[in-house]
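Visitor: this one's structure only:
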């Protein structure tokens, strides 16, 4: 086994997942490509969303890919960091909103 | 940021032969990535041959007032190679006879050649359809003697093409040196002032964008829209077109890629983005590049790699267009830079 679970070079082999399941692999990449095309949202906006989600799902490959994609699109580092904060805020909010459950339970159990 | 050229620093990558060795080695030698020529073979484009000549690109010298991090010329104030008046006269003879419709002066900072103005005046008299000067902008503000360049360009109907890596100060100064952004903005205002770059103006002002790092340029049209919006809103500056140019892995940019451990990833990006359609229009097929000392090359990049044209005619003194048109264009891995994505040339995207 390799010394590390994540090797940046593995990203180059992403398309090879199709070799072990051609039909599903092809369908996924077709879908993936379509999602990031210009649509009701611009490709630039989608790139920033992808960057934020990459952080939330903590995918190092995706962070590498969408940081580079952002640079290519001329997205500034301030825009990138704001996008990551938007993701982080939802993630921490998702934790904190569960506190309402805690509060409810606490009150129910307390006399 | 380094303030001297690779040559002045006696850096190993200052030598063209070392760069070519490096580009032939590693991931290309071990077959991990296909060589550029193999890629051409797949689309029956090997060997690459010229089309009708359209552009004569003349490099007036490697001297420059800036030392940009990614300069493929390795230009700078310490470079003393500049074209003599005698070679300029040979160029003028060629300009009189050529079938090319575009004359493209580059450098270094071409304006620093002491005979620059004389040469522009003489070439203007001959009459060229599109007369380009690649100006780095800051030269206009570098010294009083250059302040009237916008007027001089206007008088000779010069098409100004200028580098502008980003619409923000931080990114521009990081690539091109401290203070470059502010001077460039002032120079663009000076050019706008005499009529350059205004929507209906015939005085053409185009900008060149090249990425400030180890990544490829994005879509040219989108970048142009971003540049136009930001420069107009923030500074009231207008220009015509933006050319998005890919950095080629040679000279200082190659050194940067190696030093920052980005070389392999960058070459993978270039190879993955190889676009056979761009091969039809690569600039080496419609351009002849002439160096400060009169040697002929397929392009400015081959000039920096010291790959003279593969033709019985190799020097401006023996220039014969018909013979040059029969040559085979010399290609290596650096050429992947011109064929990635929408393609790249001194005139921007190719497809």
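Guide: Arrived safely, thanks for sending. Everything numeric in this text was worked out from a predicted model, so none of it was measured.
Visitor: enumerate the residues of chain A near chain B.
Guide: Counting by Cβ under 8 Å from any Cβ of the partner chain, chain A comes close to chain B at A:8, A:12, A:43, A:44, A:68, A:71, A:72, A:73, A:74, A:76. C-betas here are computed from N, CA, C, even on glycine.
Visitor: SS state for the closest residue to the second one other than its chain neighbours?
Guide: Put plainly, it is residue A:12. Nearest-residue entry for residue A:12: residue B:268, 5.9 Å, with adjacent residues in sequence omitted and distances by Cβ to Cβ, 6 or more residues apart in numbering or on different chains. Three-state call for residue B:268 (DSSP: H, G, I helix; E, B strand; the rest coil): helix.
Visitor: quick one, helices of the stretch 151-300 of chain B?
Guide: For the stretch 151-300 of chain B, applying DSSP state H, counting those that start in this stretch gives helices covering B:169-176, B:180-193, B:220-235, B:251-259, B:263-272, B:276-279, B:300-304.
Visitor: which of the ones you listed has the lowest average pLDDT?
Guide: Of all these, mean pLDDT reaches its minimum on helix B:169-176 (a mean of 76).
Visitor: that helix vs helix B:180-193, what angle?
Guide: 100 degrees (axes from the mean of the first three to the mean of the last three Cα atoms, to 10 degrees).
Visitor: please, where are all the strands along the stretch 51-200 of chain B?
Guide: For the stretch 51-200 of chain B, the strands defined by DSSP state E, counting those that start in this stretch cover B:55-59, B:102-106, B:130-135, B:159-163.
Visitor: so what's residue B:219 up against?
Guide: A:73, B:244, B:342 (Cβ atoms under 8 Å, 6 or more residues apart in numbering or on different chains).
Visitor: now the first one: closest residue in space, sequence neighbours ignored.
Guide: Of all residues not flanking residue A:73 in the chain, residue B:218 sits nearest, at 4.4 Å (Cβ to Cβ, 6+ apart).
Visitor: and that neighbour, how many neighbours does it have?
Guide: As a burial measure, residue B:218 scores 24 neighbours (other Cβ atoms under 10 Å in any protein chain shown).
Visitor: I'd assumed residue B:244 was in contact with it.
Guide: Yes - applying Cβ atoms under 8 Å, one finds residue B:218 in contact with residue B:244, separated by 7.2 Å.
Visitor: ok, the closest residue to chain A within the stretch 51-200 of chain B to residue B:175 distance?
Guide: Nearest to chain A, among the residues of the stretch 51-200 of chain B, is residue B:168, at 6.6 Å (Cβ to the nearest Cβ). Applying Cβ to Cβ, to the nearest Å, the value for residue B:168 to residue B:175 is 11 Å.
Visitor: and if you look at residue B:205?
Guide: Using Cβ to Cβ, which is the criterion applied here, residue B:205 is 20 Å from residue B:175.
Visitor: again, but for residue B:342
Guide: Taken as Cβ to Cβ, the span from residue B:342 to residue B:175 is 22 Å.
Visitor: look at residue B:168 and residue B:175 and report which has more neighbours.
Guide: residue B:175 (22 against 16).
Visitor: and that one, how far is that from residue A:41?
Guide: From residue B:175 to residue A:41 the distance is 30 Å (Cβ to Cβ).
Visitor: what does residue A:102 give?
Guide: Taking Cβ to Cβ, one finds residue A:102 at 36 Å from residue A:41.
Visitor: got it, and residue B:343?
Guide: For residue B:343 relative to residue A:41 (Cβ to Cβ), the value is 27 Å.
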